[in-house]
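Peer 1: Got a sequence here, can you model it:
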Amino acid sequence: MKKKAFQKYIFIIGLVLFSISGLKVVYSDEKGKPCPKPYINALLPKAAKPGEKIKIRGNRFGKKQGSVTFAPGIKSPIIKWMNKRIWVIVPQGARTGPVFVTSYCGKKSNEEYFFVKETEH
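Peer 2: Numbers count the residues shown, from 1 in each chain. Presented below is the predicted three-dimensional model:
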């Protein structure tokens, strides 16, 4: 009986510790700290011309600025960088295709499809 009670006690302690550790926010821009993968929820608007501003909504971008890449691999000028919002300029030479965020600590986000409108000549 004592053995079963002890096992139950250990099991409950383990469950509590596991639950508490799962609540820890995994976020860091500091070297050697956890680096979560950023996630893009939306590109607003979903289409724009080169030189126009767009907003990227998402999570875990980090406090420190990383980069935003448009197809075919062109980095975008950053206007403002926040943990859940980024404002960028659609770069010259960008093409319709995937856009992704790379956090300061080097993790690449999911890709969201973006339409580059043609400019008038």
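Peer 1: Need the per-residue pLDDT for the most centrally placed residue in the chain.
Peer 2: Nearest to the geometric centre of the chain sits Pro38, at 1.8 Å (CA atoms, centre = their mean). If you check Pro38, the pLDDT there is 98.
Peer 1: distance of it from Val99?
Peer 2: 12 Å (CB to CB, to the nearest Å). Using the backbone N, CA and C atoms, a C-beta is placed for each residue, glycine as well.
Peer 1: ditto for Phe70
Peer 2: 5 Å.
Peer 1: okay, and the common contacts of these two?
Peer 2: Common neighbours of Phe70 and Val99, using CB atoms under 8 Å, 6 or more residues apart in numbering, are Phe114.
Peer 1: Please save the CA atoms from stretch 114-121 in PDB.
Peer 2: Only the C-alpha atoms of stretch 114-121 are listed here, as PDB (Å, rounded to 0.1, in the frame of the first residue of the first chain):
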ATOM      1  CA  PHE A 114       2.200  37.700 -51.400                       C
ATOM      2  CA  PHE A 115       1.100  39.200 -54.700                       C
ATOM      3  CA  VAL A 116       3.400  41.900 -56.200                       C
ATOM      4  CA  LYS A 117       1.400  44.400 -58.300                       C
ATOM      5  CA  GLU A 118       3.000  45.700 -61.500                       C
ATOM      6  CA  THR A 119       4.200  49.300 -61.500                       C
ATOM      7  CA  GLU A 120       3.100  51.700 -64.200                       C
ATOM      8  CA  HIS A 121       5.900  52.800 -66.500                       C
END
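Peer 1: any idea how far that stretch is from the chain center?
Peer 2: Distance, stretch centre to chain centre, for stretch 114-121: 26 Å (CA atoms, centre = their mean, to the nearest Å).
Peer 1: Stretch 89-100 now?
Peer 2: 17 Å.
Peer 1: who's in contact with it?
Peer 2: 40, 43, 48-54, 56, 68-72, 74-77, 79, 108-116.
Peer 1: what ranges do the strands span in this structure?
Peer 2: Assigned strands in the chain, in chain order: 39-44, 47-48, 53-59, 67-70, 74-75, 78-81, 85-89, 97-102, 112-116 (criterion: DSSP state E).
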